[in-house]
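Participant: Kindly generate the corresponding structure for this input.
(2 chains)
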Amino acid sequence: MKDFIIPTKDMDMGTPASKSTEMVTLTIDGFDVTVPEGTSVMRASAEAGIKVPKLCATDSVEAFGSCRLCVVEIEGRRGTPASCTTPVAPGMVVKTQSSQVKKIRKGVMELYISDHPLDCLTCAANGDCELQDMAGMVGLRDVRYEAPANGGFVNHFEARDTAGDVNPQFIPKDDSNPYFTYDPSKCIVCSRCVRACEEVQGTFALTIEGSGFNSRVSAGAGGDDFLSSDCVSCGACVQACPTATLQEKSVIELGTPDKSVITTCAYCGVGCSFKAELNGDELVRMVPYKHGEANRGHSCVKGRFAYGYANHSDRILNPMIRDKITDPWREVSWEEAISYTATRLRDLQDKHGVKSIGGITSSRCTNEETYLVQKLIRSTFGNNNTDTCARVCHSPTGYGLKTTFGTSAGTQNFDSVEETDVVIIIGANPTDGHPVFASRLKKRLRAGAKLIVIDPRRTNIVKSAHIEAQHHLPLLPGTNVAVLSSIAHVIVTEGLMDEEFIRTRCDWDEFAHYAEFISDPRHAPEATALLTGVDAQELRAAAKLFATGGNGSIYYGLGVTEHSQGSTTVMAIANLAMMTGNLGKNGVGVNPLRGQNNVQGACDMGSFPHELPGYRHVSDDATRDVFEAIWGTKIDPEPGLRIPNMLDAAVDGTFKGLYCQGEDILQSDPDTKHVQAGLAAMECVIVHDLFLNETANYAHVFLPGSTFLEKDGTFTNAERRINRVRKVMAPKNGYADWEITMMLANAMGSGWTYTHPSQIMDEIASTTPGFANVNYEMLETRGSVQWPCNDDKPDGSPIMHIDGFARGKGQFIITEYVATDEKTGPRFPLLLTTGRILSQYNVGAQTRRTENTVWHEEDLLEIHPHDAEVRGIQDGQFVRLASRAGETSLRATITDRVSPGVVYTTFHHPDTQANVITTDYSDWATNCPEYKVTAVQVALSNGPSDWQEDYNAQAEQSRRILPAAE
Amino acid sequence: MSHEKLVRMANQIATFFESQPDADKAGRVAEHLKEFWEPRMLEQLADHLSSGEDGLSPLATEGSKRVLGLTA
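Facilitator: Got it, this is the predicted structure:
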C-alpha cells in the first residue's frame, strides 16, 4: 500500500479555470492548445506546459494585471499584453519569449528587486519564494538602482536611510497573529493577499493603503494590527503571498518543508483536504490542497493552524488503569491495560448479563475505526449497545431524510453552492461552524444569490462585508416547525409550488393531503407570528423569494436537529425542497452541515444501536446474515441502548461498563449532573482519547489515542465524500486507534487479523451496498468519492435523487407544531440557546490546547441590552446562569445579536460546563437532546458557583497520576 | 429510567403519529417503539402499564400495549 502521495498536479496555473464548455484553439510558441473559452493566455500556456513569468497572478484569485511580468507578444496585436488578463481567442498566435518581452521582464524584476532586501539565504521563504524564482527565471543579474550615499531617497526595507536617518517608509514586522507574521519590508504590493481575503475568504479584512510608492498592505483600519483587525486567520493571504511577507511562524521556526502528504482535516464536517508538509516526520505546516473537492484550496484557522494539540504536553501517551475513580491513575503496559479491561468487561457480563456493557464510537475517528468499534460491540460484546455523538447532533437528520427521501444523508456536493440562486440557512452559523463552506457560499452571494437566514441570533452571515441577507427571520428558540410550516403555507396557498415535480417525483394524493393540512389558516404567518416572534410580512416575502427565485437550496445545522421536534423540522425542510422542486440537480437540495469531521461516516458505519452499516435495521434477517457470515458470531436482533438510555440504565443499575472512543460525553452531553450520575454508577468506564478529558474523571481505564496525523483511514464529510486520511508520522502513543480496538477485541477472544485499515474498508465494501466499489486503490487514483459508489454509480454520487428518490417517491410528512415542554416562566424567564465560535471546536479538547485561545479563552453569555439592564448587568461581569437542571457562572457580553428574552453561549470550556444548564428533554424520534432551548434565569454573581468549585476539585483529584513503577 | 421520563418520551412519539394520516396510528407508535427502544425500556414501559398507566396519552397507551403484545 502506497502511503505517501506527492502532489503532481500542483502547479500554479496563474488564473482560475474557465467553466465554459465552448473550446478555443490557439497557438502558443508554435504548439496548438485547446482550452475553454474565457481562459487566460497565461493559463492556456500553463496547460501546454509553458510557464510565463508572473508575480501578481495566482490561480486562486482573478487576474489583476499589475506586475507586468507576464507580458507576451500576440500576432496582430499592438504592444505586449499581460497574459493573465488577456483571454484566449480562436487562432490566436502567442509568443511567450521574445527579445522585447524578455527585456521588459528583466526591467520589471530589476525595479522590484531594487526595493527588496537581499537576505535570501536567511529568509524564511528561501526556496519557497516566487520573487526569487522569477528573478532567476528572467535572468536578472544586476540591479543598477542604488540609494544615494548621503540619504534622501529611501526604500521600504531598511529602518534607516544611508544618512542614518529614520526611514519613514519602514514598517516593522507585525507578529500579533499567533500563526503568521506580516513583514512589510518584504512586500511587493502584488495585492494577492488582499484579493485572497476578498475573493477566497470573503472577509475583506485587508486593503491597500496609500498609492504609488506609498501603497502598503494594511489589515483593518489605522492602528489595527492583524490580530485586532477583522482577520479570521484562515491563511488564504499567507497561501497567496509570493514572498516571505506573510509567512507561517512554523516555517520561520522549522524551515521549509520538503515532503508533502495529502490528508483530510479532522475538525468540522466540511472535511477539507490538506497537504501536510513535513521535514522528516516533523510537521511544518498544513496547507489547503487545491484539488480537494470539498474545499477547493481554502481553509480556516482550525484546519490550517490549530494542529499543535498533537504535541501538547497534556497528551497522554501511556495506558493507565485504576480500580476506583477516587484512586490516582497508574501507568501500565499496553498488555496489562488491555487484559485488565477485557477481564473487567467479561466479569461484568458474567455478573450482570451480556447487555450490561456497551460503547460509543467516535465521529472524530476514521470510518475504519468506527466500523471496528461497532463490530467489537456487536460481535465481541454480543449486543447492540453502540451509539455515537451523532445521537446528540444529527440523529434527526438520519431519521427525517430517511423517512422523506429514503437516504440518511445530504443531497448535494459543496460545489453545488456555486449554482444556487436562493439559500435558506436555518439553525446553522456557517461562518463560525463550517467556515470554508461559508466562504464558498459568500462568494456565490456576492455574485448575486439571495439569502434567507432563519436563526434566533443575528449570525455573522446575516450581514457582513458586501453581503446582507434579504430576510432574517429571528424566531424564538423552539419554533422552527411553526416557521417552516408557515413558509410552506405561503407557498401552497399562493400556488407557488412546482406541481410538475410533485406529480412526477412524489405521491400526488399524499401531497394533496399535506396541502390540505398546511393550507389551514392556523399555519398562516399572521397566525404563527405571536408564537414565533417572526414578522408575518417578512416571512411571506421570504417564502415567495425561495419559491420563485430560481435554484433554491437549504443548509441547516444543529439549530434544527437539537430540539424536541428536531426530526419533524428535518422533515419540514424536506417538504419545502420537494414542493419547490429543489432536488436532484445542481444548486439546490437539502444540506445538513455536519458538526464533526466524520459524523456522516460514523452514521454510515452502523454506529447507531438499531442499525448495521448502511442504515439497515438490526431486525432485518438478511442483513444480519451478511455480517454473521463474515464475523462468525450471532448478532442480537433487538436494538441496543442509545447514549441517553445507557446513562439511564446505568443509574438503574443494569448498565455497568462503557468503552468510549474519542468522545467526551461528560462535557458534550446535556444535563451534566445526570451524565455524572450515570458514569459514577458504572463499574468499568474506558476512555480512549488523546487527553484526560472530562469523562475520564469517571474512568477506570485510559487508553491513549492517536491523532489524525498518525494513522491511515478515511473520513466521510457532510457531502458523503469519502476522503483519505494518511499517516504522516508514527503514533506517539504507540498504536493507531484501530489497532487498540483490535487488541481489546482479541483479548476478549475475537481473533481479528487486520494488518492495515484498507482491509477494514474492504470488509465494509463487501457488506455495505453503498460502499461496494470503494477501496483504497480507487481512492489513490480518484482522490475522493461520494457514496453511493457501486456498480450502478461507479463514479460515486455527487448529487442524489436525480431521477427518483432512494425510497421511490418522495414522501410529504405532516408537520404539526408541538411546543416543547421546556417553557419560560417566572423562575426561568429567558431562553438559552447554544452554539460554536470560529476559533474553538466543540468541547475544545483540541483547540483549547492551541494558540486559538487568543481569540476565545472563555465561554461568554450573550445577553440583550434590555435584559441586561433590568438585571443590572454590565459587560464583562460574572453572572449566574441557572435552569431547573443546574447552574453555572460565566461572564456576560451585552449585544443585540440576540433578541430580548434570548441568551446564548458556547460550550467550548469545561470551566463553564454550559451543559450543567441544559435539560434531559429530547427529540421525539431519536432522543437527540434539546440543547437549543432551555428556560433560564440570569443574575449577577461573584464568581464560580459551588457546583463549579466542587466539579473542579473532583476533576483535579481524579487526574492524579502515580509515577510509573521502575 | 424514571417512569416520568419514559412516559414523556412515549407521549412525544404518540403526539407525532397522532398528527399523521395513517389509519393505524397505534400500529405506527408500536412500530417506532419496536424499532428504537431497547428491550429494557420496553420492560419498564410494561411495568409502568401494569402499575396503572398513569400519564400516558390514549394513543401512547394503545401503541405501548401493542408493542408489548398486550393487545392484538
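
Participant: any idea how far residue A:279 lies from residue A:250?
Facilitator: As judged by CB to CB, to the nearest Å, residue A:279 and residue A:250 stand 11 Å apart. Heads up, the C-betas are built off the backbone N, CA and C, glycines and all.

Participant: who has more neighbours, these two?
Facilitator: More crowded of residue A:279 and residue A:250, by other CB atoms under 10 Å in any protein chain shown: residue A:250, with 21 against 13.

Participant: show me the contacts for the more buried one.
Facilitator: Residue A:250 is in contact with A:179, A:284-285, counting by CB atoms under 8 Å, 6 or more residues apart in numbering or on different chains.

Participant: By neighbour count, which of the residues you listed wins?
Facilitator: In terms of neighbour count, residue A:285 stands highest of the contacts of residue A:250 at 24 neighbours, by other CB under 10 Å.

Participant: what sits against that residue?
Facilitator: Counted by CB under 8 Å, 6+ apart, residue A:285 has contacts A:248, A:250-251, A:257, A:277.

Participant: Return the subset of the residues you listed lying in helices.
Facilitator: A:250-251 (DSSP state H).

Participant: TSV for the contacts of residue A:285, including pLDDT and distance to residue B:44?
Facilitator: Converted to TSV, these look like this (pLDDT from 0 to 100; distance: CB to CB, whole Å):
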residue	pLDDT	distance to residue B:44
A:248	97	57
A:250	96	55
A:251	96	60
A:257	94	58
A:277	96	55
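
Participant: which one of the contacts of residue A:285 sits closest to chain B?
Facilitator: Of all the contacts of residue A:285, chain B sits closest to residue A:277, with 46.2 Å by CB to the nearest CB.

Participant: For that closest one, which residues are in contact?
Facilitator: Shown in contact with residue A:277 (CB under 8 Å, 6+ apart): A:257, A:259-260, A:283-287.

Participant: Just these: which are in strands?
Facilitator: Members of the contacts of residue A:277 lying in strands (criterion: DSSP state E): A:259-260, A:283-287.

Participant: Tell me the confidence at the residue in chain B sticking out farthest from the centre?
Facilitator: Ranking residues of chain B by C-alpha distance from their mean position (CA atoms, centre = their mean) puts residue B:21 at the top, at 18.3 Å. According to the prediction, residue B:21 has pLDDT 91.

Participant: Can you verify my assumption that it contacts residue A:816?
Facilitator: No: applying CB atoms under 8 Å, one finds residue B:21 not in contact with residue A:816, separated by 11.4 Å.

Participant: Low-confidence stretches in chain B?
Facilitator: Applying pLDDT under 70 to chain B flags residues B:53, B:72.

Participant: What segments of it are helices?
Facilitator: Along chain B, counting by DSSP H, helices occupy B:3-18, B:25-36, B:39-50, B:58-67.

Participant: Flag every residue of chain A that's near chain B.
Facilitator: Neighbours of chain B within chain A, by CB under 8 Å from any CB of the partner chain: A:355, A:384-385, A:513, A:564, A:568, A:609-610, A:617, A:619, A:638-642, A:645, A:648-649, A:651-652, A:654, A:813-814, A:816, A:818, A:821, A:920-922, A:924-927.

Participant: Let's see that with 7 Å instead.
Facilitator: A:513, A:564, A:568, A:609-610, A:617, A:638-641, A:645, A:648-649, A:652, A:654, A:814, A:816, A:818, A:920, A:924 (CB under 7 Å from any CB of the partner chain).

Participant: so where does the residue in the stretch 151-300 of chain A that chain B sits nearest to fall, helix or strand?
Facilitator: Residue nearest to chain B within the stretch 151-300 of chain A (CB to the nearest CB): residue A:269, separated by 24.1 Å. Element membership of residue A:269, judged by DSSP states H and E, is empty: it is in no helix or strand.

Participant: Cool, thanks, talk later.
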